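Colleague: Any chance you can model this:
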Amino acid sequence: MQRIAFTVLASVVLLTSVAGCSLFGKDKKDKTADMYDPSAMGTPVADPYASTYPAPVETDYTAGTAGERYHTVQKKETLYSISRQYYGDQSKWKDIYAANRSEIGDPNKIRVGQKLVIPQ
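Modeller: Take a look at the predicted model:
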């Protein structure tokens, strides 16, 4: 019985180390949206889902105070895609997040129908 338990444990440890995982969370990485930044790679990355993003709707935002715009989150949108839509630069998602920090807890979990401030 002990031999089987030891074999199973050794197999799990071996498989997780080969897969690059950590059983004990030592190499746990931050799961925020800035982990993947294609601009840091130096070469532009084509977005395979570009055709699935909803088209910009002119009535989707209204002029606010101090030159701010508002955007209502649609299905399958992320801060990354909204940034690309308004600024033409996906790395500006952090500006949108900073302007809406009180509304957004986790930048990876924006809700459909949520109204976001889009700073100029």
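Colleague: my guess is residue 117 is in a strand, correct?
Modeller: Yes. Assigned with DSSP: H, G, I helix; E, B strand; the rest coil, residue 117 falls within a strand.
Colleague: measure it to residue 3 for me?
Modeller: 62 Å (C-beta to C-beta, to the nearest Å). (Each C-beta comes from the backbone N, C-alpha and C, glycine too.)
Colleague: same question, residue 120
Modeller: Plainly put, residue 120 is 68 Å away from residue 3 if you go by C-beta to C-beta.
Colleague: So for residue 117 and residue 3, which residue has more residues nearby?
Modeller: Shown here are residue 117 and residue 3; by other C-beta atoms under 10 Å, residue 117 has more neighbours (17 against 7).
Colleague: residues contacting that one?
Modeller: Applying C-beta atoms under 8 Å, 6 or more residues apart in numbering to residue 117 gives the contacts 64, 68, 69, 70, 96, 99, 100.
Colleague: One more: residue 82?
Modeller: Applying C-beta under 8 Å, 6+ apart, we find residue 82 in contact with 71, 73, 93, 96, 116, 118.
Colleague: which ones are touching the second one?
Modeller: Listed by C-beta under 8 Å, 6+ apart, the contact set of residue 73 reads 82, 110, 111, 112, 113, 114, 115, 116.
Colleague: Three-state assignment for the closest residue in space to residue 90 that isn't next to it in sequence, please.
Modeller: Distances taken as C-beta to C-beta, 6 or more residues apart in numbering place residue 84 nearest to residue 90, at 4.5 Å, with adjacent residues excluded. The three-state assignment at residue 84 reads helix, by three-state DSSP.
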